[in-house]
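> everything below, folded, please.
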Amino acid sequence: MVRNIFKKAFIFFIMMMALGCSAPQLPPEIQMAEKQEHSLWLSGAEIYAPDGFKNYRISLRKIKDDLIKEKSRLAWFQDYKSIQSELTILLESGHNLQKKISETKDTKKASVSDKISFLKSRIETLKGLTEMINEGRLARKDLIKAELLLSEATISYDNSDYEATDAKLKNISGFIKAAENTLRPILDRYADRSHINKWQQMADETIAESKNNNIQVVIVNKSERTLILYKNGVPFRTYNVGLGRNGSLDKSYAGDQKTPEGKYRITKKLSASRFHKALLINYPNEEDMRNFISAKKKGLIPSNSRIGGLIEIHGGGKNSMTYGCISMDNVMIDSLFSLVNVGTPVTIVGAVDHNNTLSSAMEGL
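Numbering: from 1, shown residues only. Presented below is the predicted three-dimensional model:
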């Protein structure tokens, strides 16, 4: 009987072979899924949809394992219908995943694009502020670094690498913050009403002195970089000037390169100066001496510092940064030199208006 069974099985096998029975073809969707997996990877699925892409790969791996098992069976027993159904579902999930990635990338693209525009505008604003005060040079180093990183970030953005772009943009913020921290204390002075009220009072008193005594006086306005010569209380000549390297701040001691603020007088006219011509003023005056002694006692300035002197209004160019003096173009100092005398009052203030150039600039910070 056993012999008959084998005989029948053999005959059945021969008949099936004769009838041309062959193994069913693999589902074409498997190649589609493999291409889809590669396409998802290229589009940044590991970054923009990591969980979904992980699940996709796990499902594809299981399907491939099932295919191997099914292929190991005899050809006429192989059946790929269930695997084909799984592949159809997988391809649909991959399609949805691709759509999600595209949406996430578009959102990220818009986000980093806005950041690039904002940071570019911020850097330009701060660069403009650095041009308004000599101390701005201290912030430019950080702004240059910020600009270089922004350039690198823009290249990453153009290459559609939005994650790398975002990482570089985060580093830019630190350099911008450092530049802001350098500029803010200086600009704060020119938005401080107590400072401005004091400066206004000094300027008003000096102009009143000109009017009441029919004399000429000089008002130096740091925020506007101007020197105005008043005659009988009325503006007579206006000149553009330069200040000390740290001239936006009030002078405290020798070597701080700040331009003093206060009421002074011309003590000497130097027709032959290292800087063409010069008008020496009586810095330090009594108030400067009191402030110097007080600051030293409080430890606000170096214990071995001296108060300094030799503050002048001189030539050499209005765009030059001095060690604390007030500079003018040579032709301008020639004009002023011919109009003023020894004893002429000179008042140096930060600003005479709450809405001065530097206080307005604070709105950008």
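> hey, where'd the helices end up in the stretch 1-150 of the chain?
2-18, 29-42, 45-48, 50-71, 81-130, 137-158 (DSSP state H, counting those that start in this stretch).
> need the ones you listed in a markdown table (columns: mean neighbour count and distance to Tyr239).
(Glycine included, C-beta is placed from N, CA and C.) Compiled in a markdown table, the helices of the stretch 1-150 of the chain are given as follows (neighbours: other CB atoms under 10 Å; distance: least, CB to CB, whole Å):
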| stretch | mean neighbour count | distance to Tyr239 |
| --- | --- | --- |
| helix 2-18 | 10 | 111 |
| helix 29-42 | 15 | 66 |
| helix 45-48 | 18 | 60 |
| helix 50-71 | 14 | 66 |
| helix 81-130 | 15 | 24 |
| helix 137-158 | 17 | 24 |
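> just put these in JSON lines and tack on mean pLDDT.
Listed next are the helices of the stretch 1-150 of the chain as JSON lines, based on pLDDT from 0 to 100:
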{"stretch": "helix 2-18", "mean pLDDT": "51"}
{"stretch": "helix 29-42", "mean pLDDT": "93"}
{"stretch": "helix 45-48", "mean pLDDT": "90"}
{"stretch": "helix 50-71", "mean pLDDT": "93"}
{"stretch": "helix 81-130", "mean pLDDT": "93"}
{"stretch": "helix 137-158", "mean pLDDT": "94"}
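> quick check: which of those helices is nearest to Ile196?
Minimum separation from Ile196 across the helices of the stretch 1-150 of the chain (CB to CB) falls at helix 81-130, 18.6 Å.
> who are the packing partners of that closest one?
helix 29-42, helix 45-48, helix 50-71, helix 137-158, helix 162-189 (3 or more CB pairs under 8 Å, 6 or more residues apart in numbering; DSSP states H and E).
> now do the SS call for Thr347.
Three-state call for Thr347 (DSSP: H, G, I helix; E, B strand; the rest coil): strand.
> close enough to count as contact, it and Met202?
Yes. The pair Thr347 / Met202 is scored as a contact, 5.3 Å apart, by CB atoms under 8 Å.
> neighbour count winner among these two?
Taking neighbours as other CB atoms under 10 Å, Thr347 and Met202 compare with Thr347 leading, 24 against 19.
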